[in-house]
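quick one: sequence plus predicted model below, questions after.
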Amino acid sequence: MADALAIRGGTPVRAEPWPLWPRSDERTAAAVTEVLTSTRWALSGPSDGRVAFERRFARDFADFNEVAHCTPVTSGTAALTIALQALGVGSGDEVIVPGLTWVACASAVLHLGARPVLADVDSATLTLDPAHAAEAITGRTRAIMAVHLANSVADLDAFTELSARTGIPFIEDCAQAHGARWRHRRVGGYGRAGCFSMQQSKLLTAGEGGAVVIFSIPEEAARAAVSDPTVMIGSALGVFAYVAGHAVFARYLGFPFIPGAGELAVICGARRTSTAGSAPRS
Ligand SMILES: Cc1ncc(COP(=O)(O)O)c(C=O)c1O
């Protein structure tokens with residue numbers, strides 16, 4: 001029976017059950033209690049002087065991804081939608097997405113009234129094939145969505161080159177690739193925006209949640225945000241304690257307000273980000 005499959009009575013390769021997922025420890029519970037017993041369950045709640053978990057997570061996750069900016073949002077789908085809308089994607093536009101991915105890649109496009117155009121994936125990496133993506137470009141193509149599927153990284157050299165050649169921006173869907181690297185840098189900072197999910201099954205999970213990261217914000221966008229009168233009045237009144245951090249980012253992304261993640265939602269993510277090592281590129 002030595003060579004028989006386990007289902008036919010052979011020895012199973014693994015006798016132990018798989019570890020439970022997601023996992024948390026006493027530090028997670030302590031952080032949740034800290035939020036529950038405070039009056040600040042969201043960034044817009046009254047501040048007690050401590051730095052909000054949301055801001056801590058944004059900083060930690062930006063550092064972890066080796067990018068300048070991160071804004072936590074409610075889900076990976078929200079992250080994709082925000083990034084696409086920031087690129088001006090709207091009714092009548094086309095966005096190239098891989099034919100093999102999670103449905104959110106297409107539904108984020110549809111949500112904006114645009115049309116997802118499916119292009120084939122590379123048979124070795126199962127990620128969007130740059131040559132097929134190039135063939136799918138039409139006069140209506142507004143963006144390309146490179147998805148790093150199951151921690152397998154799309155060819156970011158090719159998409160950077162394609163984008164420079166055609167003037168069509170690309171974004172990275174990193175929902176399944178927290179910590180993955182392309183050459184010397186973490187994924188997420190190569191495209192115009194990197195979109196993460198923290199949904200239940202993800203490598204970095206908070207049950208639900210997401211984040212948009214940006215490698216750097218052009219100086220002119222930052223200047224425009226700082227001179228925006230609504231931003232300045234908001235800061236002066238202290239109504240939105242987070243306004244300075246979010247405003248530059250929101251302005252760059254073209255959103256007046258970002259659907260931000262609550263204090264409780266970022267806790268699990270913050271814990272893991274501060275303890276995680278590099279995930280190998282597969
Ligand atoms: C590749 C990919 N993109 C986007 C998403 C959407 O993320 P969320 O479920 O947080 O909206 C997922 C998650 O399921 C995903 O696997």
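Arrived safely. Numbers count the residues shown, from 1 in each chain.

may I have the biggest strand by length in the chain as PDB, with CA atoms only?
In the chain, with assignment by DSSP state E, the single longest strand is strand 141-147. C-alpha atoms of strand 141-147 as PDB (Å, rounded to 0.1, in the frame of the first residue of the first chain):
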ATOM      1  CA  THR A 141      -8.600  51.700 -23.400                       C
ATOM      2  CA  ARG A 142      -8.200  53.800 -20.300                       C
ATOM      3  CA  ALA A 143      -6.200  51.500 -18.000                       C
ATOM      4  CA  ILE A 144      -4.700  48.000 -17.600                       C
ATOM      5  CA  MET A 145      -5.100  45.900 -14.500                       C
ATOM      6  CA  ALA A 146      -2.200  43.600 -13.700                       C
ATOM      7  CA  VAL A 147      -3.200  41.000 -11.100                       C
END
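
burial of the residue in the stretch 51-200 of the chain that the ligand sits nearest to, as a residue count?
Closest to the ligand within the stretch 51-200 of the chain is Gly76: 2.4 Å, counting by Cβ to the nearest ligand atom. C-beta: built from backbone N, CA, C; applies to glycine. By other Cβ atoms under 10 Å, 27 other residues sit near Gly76.

dump the residue contacts of it.
Contact analysis of Gly76 by Cβ atoms under 8 Å, 6 or more residues apart in numbering lists Ala104, Asp173, Ala175, Cys195, Phe196, Ser197, Met198, Gln199, Lys202, Gly210.

now with 10 Å, please.
With contact set as Cβ atoms under 10 Å, 6 or more residues apart in numbering, Gly76 has these partners: 102, 104-105, 108, 173-176, 195-199, 202, 208-212.

please list the members of these that lie in helices.
Among those, the members found in helices (DSSP state H) are Ala104, Cys105, Ala108.

how about the last one, nearest residue that isn't a chain neighbour?
Closest residue to Ala108 in three dimensions, ignoring its sequence neighbours and counting by Cβ to Cβ, 6 or more residues apart in numbering: Leu80, at 3.8 Å.

what helix or strand is the one you found located in?
Element membership for Leu80, per DSSP states H and E: helix 76-86.

next secondary structure after that helix?
Remark: after helix 76-86, the chain's next helix or strand is strand 94-98, criterion DSSP H and E.
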